[in-house]
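1. Give me a model of this one.
(chains A, B and C)
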Amino acid sequence: MAEDARTVERAAELRADIARQFGRSLHIRTLDTGSCAVCEQEIRLLTAPHYDLHRLGFFFTPAPRHADLLLVTGPMIRAFAVAARKTYDAMPGPKVVVATGACALGGVYPADPFTYGTVDAVLPVDVWIPGCPPSPLALLHGLGVAVGRLAEKVRDLPFTAADYPERSRGDS
Amino acid sequence: MTLWFIRGLRRGVVTTRYPGRPDGSARYLPTPPAFRPQALTRQAADEVAAICPSGALHRDGSVLVYDVGACTSCGRCAAQAPDAVTASGEFELATTDRSALIKKIPIRGEAP
Amino acid sequence: MTAVEPRAVPGEVTTFQVASPDLESVVRDLRHLRLADMFASGKDDTVLRLVWANDTAGQAGYVITETPVASGTYPALSDIAPAAFVEECEIYEQFGIQPASGKPLNRIMLPPHADLPTLGRPPKPEPEEVRAQHTVGGSAFEFPFGPVRQVGVESLYYGLVTSGEEVVDLYLFTWHKHRGLEWRLQGKTPRQALFHAERTEGLSAVAVGWAFAAAAEAATGTRPPDEAERTRAVALELERLYNHAAAMAALCQSTGLSVGQSAAEIALERMLRLNAQAFGHRYLFGVIDVGGVTRAPEVGVVRRELPDAYGEFKRAADALLGTNSFVDRLEATGIVTTSQARALGLVGPVARATGLATDARQVPSGPGGPYASQQGRIDIPRPTAGDVLARFNVMLAEAAESVRLIGDFLEAGPGAAAAKLPETAGSGLGWAESPRGEALAWVALDTDGRITRARLRPASARNWRGFDDACRSQNVFTDIPIIEASFWLTAAGMAR
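-> Numbering: from 1, shown residues only, chains lettered A, B, ... in the order given. Alright, predicted model coming up:
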């Protein structure tokens, strides 16, 4: 299949469009893989008047199908790994995983029969937010970093035939 | 409900300007330690590595390896070796690169 | 009968040896007390310990009975004291010993068929899933919910049995959050273990940390300095304040009152910032040390900021109590009756809202302890309704008392000091009144001063068992979040 200039142009427009869309609103799904409940409290406070996450275009969503960003806390309990994987798989791409707090980064629990010790043993982590717990300000900063990572992923999205070399080989 | 609306108006705006502007409350947050290599002796490095409850510190030959990600900012190292360790005051630590969170601090008087 | 009849001595922990054949009659005799905890220890020579609490004002104290269990079975205690059932299940999966009646036991911490390390000899693998009877039949069906739930809440799996709208039965699985903390603490020194003890239930880090530190201190016969105990008490009351503000915000969220939620969250954030300024941590981690405390509060900051922060809390609470749509939603929702609370050994605001007088602060940690001079002065109403509104009112009254107590403790002078623990063998019980109720810890140390068995029992480990009763009391689905907010428990504390 020949690749005309129009297709390439359209793909660039689409990418810019999606980047713009994500720049305006981004939906967050939270996932607790064994935290001590304090990271959850800090995440809840993001929507409180002092921090008001919505002013920045972030929203929480209870459905993984609507989520662009997975905010993961806790050291990843082995018994929980299946649920974590399913939540991640249910999210549409492009998506980013944010490991939140010292537990998720491997600080509190070692890898042992109960826990994996870090989130990246099960999920592909894109952004790391240290802290025990990360304060809402640190979370806001981390979400800003995550938006940048998501923009990169959008830029690398495959749209044109050139992005699918294996498929075009099959066609010809 | 009208009453609640008026109450809210009377309360005024409390929302932070962060990330556009710095937030004053950040200065009271516990922050990870900063190490002063000129004061970090081998003995101090071994002591802080032994006392760290989250395994964020260990000595590797002539460097002290510090993992900010694993650190819980508990402040035990700063209490143990106040000359070599101070609070960094940084809270904007999020990164896309896990290895960027691991710092290597040379120990005084030992070739790196 | 045993030679010495077990009874509670006011203000003290008394330990009695009870032979296995006598256990049943002793439990019958002690039924007027509250069964606060039950746990086992020892891989080969398993010993069963029951902790009883006397809640009567002026006579409050703890009784521990120790019973060696050699045969692999012990009398079925939950038939006499229903509060023992969850612990019977827990002891079975960790130590392989079970009640003599051989009744089916639920899995609490360890998922069935999982090969995880246990504290004692693990039970034989079960051929199929065995669990206690749940009501499923007729038009009722089971509705699985979780473990991944709404935004910013902990993972918890509900088995909801319903016939459509009404909650017929509800049971919980928490093994998705089990971090093996009691297993993890073995072989550590108390100071190392405190790091994980605080993170058992982060929202009551001070209470669980204090209970654990007090247990280690009792085991070694150490007495923390009085000014350090006052620092602990200041931190404990600050923890209660922010938790009650958070519970109020959660109640508003669950009733859909987002303006009220914002007002409560402003109070909550103010209190957390006060914690950060006074103690250096928003959730007061790292304040407690074994033998004392690591730091003293900034007294001036607490004096200056607390009235304003509590003022926000009080304004929000008064406005909520004046909002009929809110109060109507709480009234007669999620009722726990007095007899249920007594039978299940519930603690904290949940028990106090049914008229029971449980409060771990009634047992001061010593003659110079911060609560010793407060006996008979901690004024908390005990309504008998047992519904969500009663629990909310108890929380509001507790918050007011906390402000007064903090003032008293600051007057008496908190300080930073810690006694050094000797390296001796021993065992001891520790307690503290967390925002959710009594937190207990029991620690046994060997001659090197290392932990051989640590039992952590945050209030959440107790009160979740009252949650299904509260949900069953003529409630529909939409009441469950309201009831959960009013209990204000954590899954982390239950699963540990």
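2. For the chain, which segments count as strands?
-> Here I'm looking at chain A. Ranges of strands in chain A, per DSSP state E, are A:26-32, A:58-60, A:69-73, A:96-100, A:127-129.
3. oops, I was thinking of chain C
-> Counting by DSSP E, the strands of chain C are C:13-17, C:34-41, C:47-54, C:61-68, C:73-74, C:98-99, C:141-145, C:157-162, C:167-173, C:288-289, C:292-293, C:426-434, C:437-445, C:451-457.
4. Reformat the ones you listed as a markdown table; add mean pLDDT and distance to residue C:251.
-> All C-beta spots, glycine's among them, are computed from the backbone N, C-alpha and C. Below are the strands of chain C laid out as a markdown table (pLDDT from 0 to 100; distance: least, C-beta to C-beta, whole Å):
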| stretch | mean pLDDT | distance to residue C:251 |
| --- | --- | --- |
| strand C:13-17 | 86 | 36 |
| strand C:34-41 | 90 | 27 |
| strand C:47-54 | 89 | 28 |
| strand C:61-68 | 89 | 32 |
| strand C:73-74 | 82 | 41 |
| strand C:98-99 | 84 | 38 |
| strand C:141-145 | 81 | 20 |
| strand C:157-162 | 83 | 19 |
| strand C:167-173 | 81 | 19 |
| strand C:288-289 | 91 | 29 |
| strand C:292-293 | 90 | 32 |
| strand C:426-434 | 91 | 19 |
| strand C:437-445 | 92 | 18 |
| strand C:451-457 | 92 | 26 |
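5. So for residue C:186, which of those sits nearest?
-> For those, the distance to residue C:186 is smallest for strand C:451-457, at 5.8 Å, taking C-beta to C-beta.
6. Output the contacting helices and strands for that closest one.
-> Where contact means 3 or more C-beta pairs under 8 Å, 6 or more residues apart in numbering or on different chains; DSSP states H and E, strand C:451-457 is packed against strand C:34-41, helix C:181-185, helix C:190-198, helix C:205-220, strand C:437-445.
7. Those: which one's closest to residue C:120?
-> strand C:34-41 (6.6 Å).
8. Within its sheet, name the partner strands of that closest one and how each one runs.
-> Strand C:34-41 has the following strand partners under DSSP bridges: strand C:47-54 (antiparallel).
9. now what about the partner strand, what contacts it?
-> Residues outside strand C:47-54 that contact it (C-beta atoms under 8 Å, 6 or more residues apart in numbering or on different chains) are C:6, C:8, C:10, C:23, C:27, C:30, C:33-41, C:60-69, C:74, C:77, C:84, C:91, C:97, C:358, C:363, C:429, C:438, C:440, C:442.
10. what does the stretch 201-350 of chain C put close to chain A?
-> Applying C-beta under 8 Å from any C-beta of the partner chain, one finds that the stretch 201-350 of chain C approaches chain A through C:201-203, C:205, C:246, C:249, C:262, C:265-266, C:268-269, C:272, C:282-283, C:285.
11. Can you narrow the residues you listed down to the ones near chain B?
-> Answer for those near chain B (C-beta under 8 Å from any C-beta): C:262, C:266, C:269, C:282, C:285.
12. if you look at the residues you listed, which of them are in helices?
-> Of these, the ones assigned to helices by DSSP state H are C:262, C:266, C:269.
13. Output the set of residues of the stretch 151-300 of chain C in proximity to chain B.
-> Residues of the stretch 151-300 of chain C lying near chain B by C-beta under 8 Å from any C-beta: C:192, C:195, C:259-260, C:262-263, C:266, C:269, C:273, C:276-277, C:280-282, C:285-286, C:294.
14. tell me the contacts of the closest residue in space to residue A:139 that isn't next to it in sequence?
-> The shortest distance from residue A:139 to any non-neighbouring residue, by C-beta to C-beta, 6 or more residues apart in numbering or on different chains, is to residue A:46 (6.0 Å). Contacts for residue A:46 (C-beta under 8 Å, 6+ apart) come out as A:53, A:58, A:136, A:139-140.
15. Of these, which is the most crowded?
-> residue A:136 (27 neighbours; other C-beta atoms under 10 Å in any protein chain shown).
16. For the closest residue to that residue other than its chain neighbours, report the pLDDT, please.
-> Leaving aside its sequence neighbours, residue A:136 sits nearest to residue A:51 (C-beta to C-beta, 6+ apart; 4.6 Å). If you check residue A:51, the pLDDT there is 89.
17. What of residue B:31?
-> 88.
18. Wait, it touches residue B:91, no?
-> Yes: between residue B:31 and residue B:91 there is a contact under C-beta atoms under 8 Å: 5.8 Å.
19. can you list the residues of chain A near chain C?
-> Residues of chain A lying near chain C (C-beta under 8 Å from any C-beta): A:28-45, A:48-50, A:60-62, A:74-75, A:77, A:79-80, A:83, A:87, A:108-109, A:112-115, A:132-133, A:135.
20. List buried residues within these.
-> Using 16 or more other C-beta atoms under 10 Å in any protein chain shown as the burial test, those include A:28-45, A:48-50, A:60-61, A:74-75, A:77, A:79-80, A:83, A:87, A:108-109, A:112, A:114-115, A:132-133, A:135 as buried.
21. and those residues near chain B, which?
-> Answer for these near chain B (C-beta under 8 Å from any C-beta): A:49-50, A:108, A:132, A:135.
22. Nearest to residue B:9 among those?
-> For these, the nearest to residue B:9 is residue A:49 (12.7 Å; C-beta to C-beta).
23. Next up, phi/psi of the closest one, please.
-> Torsion angles at residue A:49 (phi, psi; degrees, to the nearest 10) stand at phi -50, psi -30.
24. wait, doesn't it sit right on residue B:15?
-> Yes: contact criterion C-beta under 8 Å: residue A:49 and residue B:15 qualify, at 5.9 Å.
25. interface residues of chain B facing chain A?
-> B:14-16, B:18-19, B:23, B:25-26, B:29, B:32, B:54-56, B:67-74, B:91-96, B:98, B:101.
26. Quick check on these: which are buried?
-> B:14, B:16, B:18, B:23, B:25-26, B:29, B:32, B:54-56, B:67-74, B:91-96, B:98, B:101.
27. So which of those sit within strands?
-> Per DSSP E, the subset of these in strands is residue B:67.
28. Low-confidence bits of the chain, can you list those?
-> No chain specified, so I'll use chain A. A:1-4, A:7-8, A:10-12, A:14-24, A:159-172 (pLDDT under 70).
29. Chain C was what I was after
-> C:1-4, C:112-113, C:126-137, C:366-368.
30. Please repeat the previous calculation with a cut-off of 50.
-> C:1-2 (pLDDT under 50).
31. Now do the helices in chain B.
-> Under DSSP H, chain B gives helices at B:2-11, B:42-51, B:76-80.
32. Ranked by average pLDDT, which of these falls at the bottom?
-> helix B:2-11 (a mean of 79).
33. Next, the buried residues of it.
-> Applying 16+ other C-beta under 10 Å to helix B:2-11 flags B:4, B:7 as buried.
34. next one: stretch A:120-136
-> For stretch A:120-136, burial by neighbour count (16+ other C-beta under 10 Å) applies to A:120, A:122-123, A:125-136.
35. can you check stretch A:64-81 too?
-> A:64, A:67-81.
36. Closest to residue C:459 out of the residues you listed?
-> Distances from residue C:459 to the buried residues of stretch A:64-81, taken as C-beta to C-beta, are shortest for residue A:74 (21.0 Å).
37. Up against chain B, what does chain A have?
-> So chain A meets chain B at A:49-52, A:55-56, A:102, A:105-108, A:110, A:120, A:125-132, A:135, A:137-138, A:140-142, A:144-146, A:148-149 (C-beta under 8 Å from any C-beta).
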